[in-house]
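# Pasting the sequence and the predicted model now:
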Amino acid sequence: MKYIKIILLFSFTIFIDCDNGSNINENTPADSTENLTGTGYFEYSDYTPFGDKTLKIHYYIPNNITSGTKILFVFHGNGRNAMDYRDAMISKSDQYNFIVVAPEFSSSNFPGGDAYNLGNVYEDGDNPSISSLNPEPEWTFSVIEPLFDYIKTKIDNSTLKYHVFGHSAGGQFAHRFLMFKPTAQIDKIIVSAPGWYTTTDYNTAFPYGFSNSILENIVLDDLFDKKLTLLIGDLDNDPDSGGLRHNQFADAQGLHRLERAQYFYNKAATLSANNNLDFQWTFEINTDADHSFTLASSKAADLIFN
């Protein structure tokens, strides 16, 4: 009798776990002919400008979604670990009832910082020129809107906008995505702890500022009217943090991520004030947080949905 009780309890536990999709086999993509449910991934190859490149899209769909359930795009860091970033959002997804979409920009298909952090806008992002400007459909940023439309068809969703959270290298991607794609259907965007920034500085050359790039023509009214929150941990202050870029241009923003976040925000706020523009950006310190993406993910979800 004791053994029967143990078996029944074990079977019930498995049933509960499977019900919320947490035990989906991550080695098998979702069936493209069916709607998305639970936890998993699918291979996205419908964006023709990328040719034979595919994106692995990790997702989490909570149980009680409707056609109006909000969608959050999560952009991973330099480790290209989109599945981990998705998993870090699952408990918050259940709490606030939102859909998590985490594209994986693999190093094989999107190598280096040019193709991911800088969005493949230029062939060599550190040395931009008109001749090296890639066609806009080939920008990495350009896949997000078609992907949003595709996902909506797979979950019967009718929302018009989506939220964005990007941390570390994903924060680099996110803030430049906002700059280069001003008509993107972004609602709220959390830019979390990039290593360095494209600042709102017309006297500094891209990628550290707007000069010598198509961002010289950016409409500041539109940029500053976006609901952007700059998130940074108060302990994210290690100048020797792995992968942190150091040169005269990056170090002009500060010597660590906390200083650089403050510099980026203050630069934008000052430019907005000097031009009498509405400024919707906010600055948020994540207390007792270092560069952990799990701590940043939890805080970002609270800022967006709470």
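Sure, I can see it. Please read these numbers as outputs of a predicted model, since none were measured by experiment.

# contacts and neighbour counts: CA atoms only from here.
OK.

# which one is residue 240 nearest to, not counting chain neighbours?
Leaving aside its chain neighbours, residue 240 sits nearest to residue 256 (7.9 Å; criterion: CA to CA, 6 or more residues apart in numbering).

# For the one you found, which residues are in contact?
Residue 256 makes contact with 195, 236, 237, 238, 239, 240, 241, 244 under the criterion CA atoms under 8 Å, 6 or more residues apart in numbering.

# Return the closest of those residues with respect to residue 279.
residue 195 (23.5 Å; CA to CA).

# which residues sit in contact with the closest one?
Neighbouring residues of residue 195 by CA under 8 Å, 6+ apart: 168, 169, 172, 243, 244, 245, 256, 257, 260.

# Residue 282 and residue 293, how far apart?
Plainly put, residue 282 is 20 Å away from residue 293 if you go by CA to CA, to the nearest Å.

# More neighbours: these two, which one.
The neighbour comparison of residue 282 against residue 293 (other CA atoms under 10 Å) goes to residue 293, with 20 against 13.

# That one contacts residue 169, correct?
No - shown here, residue 293 and residue 169 do not form a contact pair, counting by CA atoms under 8 Å, at 10.9 Å.

# neighbours around residue 137, how many?
A count of neighbours around residue 137, defined by other CA under 10 Å, yields 14.

# Now for the closest residue to it other than its chain neighbours, how many residues are close by?
In space, residue 137 comes closest to residue 49 once its chain neighbours are excluded; the distance is 6.0 Å by CA to CA, 6+ apart. Close neighbours of residue 49, defined as other CA under 10 Å, add up to 16.

# Residue 79 too?
Residue 79: 12 neighbours (other CA under 10 Å).

# Specify the local secondary structure of it.
Secondary structure, DSSP: H, G, I helix; E, B strand; the rest coil: residue 79 is coil.

# Any figure for the gap between it and residue 237?
Between residue 79 and residue 237 the distance is 20 Å, computed by CA to CA.

# Any regions of the stretch 1-150 of the chain where pLDDT drops low?
The model of the stretch 1-150 of the chain has pLDDT under 70 over residues 1-25, 27, 33.

# quick one: the helices in it?
Remark: helices assigned in the stretch 1-150 of the chain by DSSP state H, counting those that start in this stretch are 2-19, 82-96, 112-115, 144-155.

# Which residues does the shortest one contact?
What it means is helix 112-115. Contact with helix 112-115 is made by 120, 121, 122, 123, 124, 125, 139, 140, as judged by CA under 8 Å, 6+ apart.

# Go again with 7 Å.
Identification of contacts with helix 112-115 by CA atoms under 7 Å, 6 or more residues apart in numbering yields 120, 124, 125, 140.
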